[in-house]
Structure formats: structure tokens, C-alpha cells
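In: Below is the sequence, then the predicted model.
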Amino acid sequence: MDLNGLFVRNMKKWRKNRGISQKTLAERCEAAHTYIRQIESGRRTPSFAFIVKLAEALDIEAYLLFYNEIAASPIKPSQMEHLEAIKTEILAQVASGIDTVIAEAQK
């Protein structure tokens, strides 16, 4: 499964587990209901800043929107360096997105 497909699957799962409608999620994220519907249908891909908003609205950590339960298995030592690099890149991109949101808010 590609990363966007995994994200969409997890977003829907968490939204439904929380008993939240697309409309309510949109309101919590200060977004249009149609935008949430487009994300969940795979027609739109949200920014990292919006992913952080989604996670906050769902009351979860943002990484859970990308967590692959199926692939989660004991990690071999040879995989650790690669996973740490991925983690560092994702955190840098999320931080950059947050910095952008803060900069926009301060204007």
C-alpha cells in the first residue's frame, strides 16, 4: 500500500473510531467539509500542517496517521538506521509545516 493510501485508511479509521463525522472533523480543523471528503477519497493530499490539525482534531499523535499495523513487526537491527532516517525526515517536514503555520499566523 502506498503512503497516501495508508494515510487515508488510517484517517478514516481514527475518525470512525472517534465517532466523528466528516463534517465535524472539518469544523474542528477549520476546513470545508468537501476538503475532508476529497482527502478521504484520495483526490486531495493535505499539507503537513493540515495533517497536524487532523491529528489534533482526532486527539492522536500525527505519526499514527501513517502507522502501518500490518507491517509492524519486530525490527531487525539492520533496519534501524533506515527507520531513524525516515523518522528524522518526517519530523523535519512536520516542523517546517508548523513553522509555516506560525509565520502565517504572525502576519
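Out: Nice, I can see it.
In: where along this protein do the helices fall?
Out: Listed in chain order, the helices found in the chain under DSSP state H are 3-17, 22-28, 33-40, 48-58, 77-105.
In: pretty sure A32 is in contact with L25, am I right?
Out: No. At 11.2 Å, A32 and L25 do not qualify as touching, with contact defined as C-beta atoms under 8 Å. Using the backbone N, CA and C atoms, a C-beta is placed for each residue, glycine as well.
In: circling back: name the stretch among the helices of the chain that sits most buried.
Out: Among these, judged by mean count of other C-beta atoms under 10 Å, the one packed with the most neighbours on average is helix 48-58 (a mean of 19).
In: what helices or strands is it leaning on?
Out: Contact analysis of helix 48-58 by 3 or more C-beta pairs under 8 Å, 6 or more residues apart in numbering; DSSP states H and E lists helix 3-17, helix 22-28, helix 77-105 as its packing neighbours.
In: Redo those helices as a markdown table? Include mean pLDDT and distance to P46.
Out: A markdown table is the format used below for these (pLDDT from 0 to 100; distance: least, C-beta to C-beta, whole Å):
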| stretch | mean pLDDT | distance to P46 |
| --- | --- | --- |
| helix 3-17 | 93 | 8 |
| helix 22-28 | 97 | 12 |
| helix 77-105 | 84 | 10 |
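In: out of the ones you listed, which comes closest to L54?
Out: Taking C-beta to C-beta, helix 3-17 is the member of the helices and strands packed on helix 48-58 nearest to L54, at 6.5 Å.
In: And S47, how far from E84?
Out: Summarising the geometry, the distance separating S47 from E84, computed by C-beta to C-beta, to the nearest Å, is 24 Å.
In: Any chance of the helices and strands packed on helix 48-58 in CSV with distance to Y63 as columns?
Out: Formatted as CSV, the helices and strands packed on helix 48-58 follow (distance: least, C-beta to C-beta, whole Å):
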stretch, distance to Y63
helix 3-17, 10
helix 22-28, 18
helix 77-105, 7
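In: so what's I98 up against?
Out: Counting by C-beta atoms under 8 Å, 6 or more residues apart in numbering, I98 touches F48, A49, V52.
In: Looking at those residues, which one is closest to L65?
Out: Set against L65, the nearest of these by C-beta to C-beta is V52 (9.7 Å).
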